[in-house]
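1. Build me a model:
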Amino acid sequence: MNELRLLTVLWHRYLARLDASRDQDGAITTETAIITAILAGLALAAGAIIVAKVMAKAESIPTD
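-> Numbers count the residues shown, from 1 in each chain. Model prediction:
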C-alpha cells in the first residue's frame, strides 16, 4: 500500500510540474516533452514484453 501512496504523490507532483511548465500560450517545455516521450517508450516496451510472454505461453499449450 505504501508503494501506491508513493506513486500517487509522484503522479501529482508530475502533474503540478506539467501545469507549471506551461506559459501563457499553453506550450509545453522541452523537459516535459522529453519526459512524456520516455514514459511513452516505457509503456510500449512493457506492452511488448507482455505480448511476448502471452504468445510464448500460448505456443506452449498442447493442441492434441
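2. Could you give the backbone dihedrals for Thr63?
-> When quoted as degrees, to the nearest 10, the phi and psi of Thr63 stand at phi -110, psi 10.
3. Show the model's pLDDT score for it.
-> Looking at Thr63, its pLDDT reads 85.
4. That one: neighbour count?
-> Thr63 has 3 neighbours, counted by other C-beta atoms under 10 Å. For every residue, glycine as well, the C-beta is placed using N, CA and C.
5. please renumber so the chain begins at 55
-> Yep, numbering from 55; the last one is Thr117 now.
6. Tell me the spacing between it and Ala87.
-> Thr117 sits 47 Å away from Ala87, going by C-beta to C-beta, to the nearest Å.
7. Could you pick out the longest helix of this structure?
-> helix 84-113 (DSSP state H).
8. Tell me which other helices or strands that helix touches.
-> helix 56-74 (3 or more C-beta pairs under 8 Å, 6 or more residues apart in numbering; DSSP states H and E).
9. Quick one: list the elements packing against the helix it packs on.
-> Against helix 56-74 (3+ C-beta pairs under 8 Å, 6+ apart) you get helix 84-113.
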